[in-house]
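Colleague: got a sequence here, can you model it:
(one chain, ligands or ions: 1)
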Amino acid sequence: MPLDFYYTISSPPCRSVLLLAKTLGLELNMKKIDLLKREQHTPEFLKINPQHTVPTLVDSGFTVWESHAILGYLVNQYGKDDSLYPREPKKRAVIDQRLHFDTGVLFPRMASYFLALRAGKKPDEDITAKLEEALQFLDKFLEEQDWVAGSTISIADYAYVADMSLTDVLGYDMSKFPNVVKWYSKVKKTIEGYDEIHNAAVIVLKQMIHSHPE
Ligand SMILES: N[C@@H](CCC(=O)N[C@@H](CS)C(=O)NCC(=O)O)C(=O)O
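Modeller: Numbering: from 1, shown residues only. Got it, this is the predicted structure:
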């Protein structure tokens, strides 16, 4: 079962899938896409994913992109059990809510902040306020529960922990979000292979901020 994985290491959505694949013991056929060289716009890749985004997974001819969809697919298809993405409707609804929050709020706001720095600018008040608000929401989610979507770790934690790598390179003061700080330190230790994947990404992300290509 070849699992072709199109990715770039600097991308948090890609790294969430890498972390989950490691947990599930899946071997990915790694296909690096260099976004700076616009490799996502080659006719070959556009044929696979017309939306030209990474991560993209091709599982023996079946294609899926959007990291949150990939995370759910991998657990459904390859998980030994459903603990990371329970089938029980209410548990799954909360996880889905958290995943959609990441797609629509948390990740885009972190990315805007990062892209401003990468362009050599100080993120403006609006970008900063929106990121603060997203992190406050996350802090609230974590107020009464240990994990992002409940009392056990789920694919939502995999999505969010990959985003958090950005705060490590942004020089962003996280002390205002104590529940996030506590959860981040715990989840990093819980997910196997976190350090290796995270450290590789931090090197690239720091280079991107220093090179100011735009
Ligand atoms: N919500 C999507 C975001 C995917 C996304 O925006 N990926 C970026 C890299 S982080 C990308 O592929 N950008 C290149 C492009 O859009 O052309 C996911 O979670 O997969």
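Colleague: now name the helix or strand holding the closest residue to L99 other than its chain neighbours.
Modeller: Excluding its sequence neighbours, the residue lying closest to L99 (Cβ to Cβ, 6 or more residues apart in numbering) is H68, at 4.1 Å. Quick note: C-beta positions are derived from backbone N, CA and C, even for glycine. Using DSSP states H and E, H68 maps to helix 67-78.
Colleague: same question for W183.
Modeller: helix 178-190.
Colleague: which strands and helices sit next to that helix?
Modeller: helix 125-141, helix 155-170, helix 194-211 (3 or more Cβ pairs under 8 Å, 6 or more residues apart in numbering; DSSP states H and E).
Colleague: would the second one count as contacting the ligand?
Modeller: No - Helix 155-170 lies out of reach of the ligand by Cβ under 6 Å from any ligand atom, never closer than 7.6 Å.
Colleague: and the angle for that helix with helix 125-141?
Modeller: Angle of helix 155-170 versus helix 125-141, following axes from the mean of the first three to the mean of the last three Cα atoms, to 10 degrees, is 140 degrees.
Colleague: from here on, call the first residue 27.
Modeller: In the new numbering, first residue 27, that becomes helix 181-196.
Colleague: still on that earlier bit, the helix holding H94: which residues count as buried?
Modeller: For helix 93-104, the neighbour count (16 or more other Cβ atoms under 10 Å) marks 93-94, 96-101 as buried.
Colleague: alpha carbons of it, in PDB - could you do that?
Modeller: Listed in PDB are the C-alpha atoms of helix 93-104, where the atom choice follows Å, rounded to 0.1, in the frame of the first residue of the first chain:
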ATOM      1  CA  SER A  93      -4.700  18.100   6.700                       C
ATOM      2  CA  HIS A  94      -7.700  17.700   9.000                       C
ATOM      3  CA  ALA A  95      -9.400  15.400   6.400                       C
ATOM      4  CA  ILE A  96      -6.100  13.400   6.100                       C
ATOM      5  CA  LEU A  97      -5.800  13.000   9.900                       C
ATOM      6  CA  GLY A  98      -9.400  11.600  10.100                       C
ATOM      7  CA  TYR A  99      -8.800   9.400   7.100                       C
ATOM      8  CA  LEU A 100      -5.600   7.900   8.400                       C
ATOM      9  CA  VAL A 101      -7.200   7.000  11.800                       C
ATOM     10  CA  ASN A 102     -10.400   5.600  10.100                       C
ATOM     11  CA  GLN A 103      -8.400   3.600   7.600                       C
ATOM     12  CA  TYR A 104      -5.300   2.500   9.500                       C
END
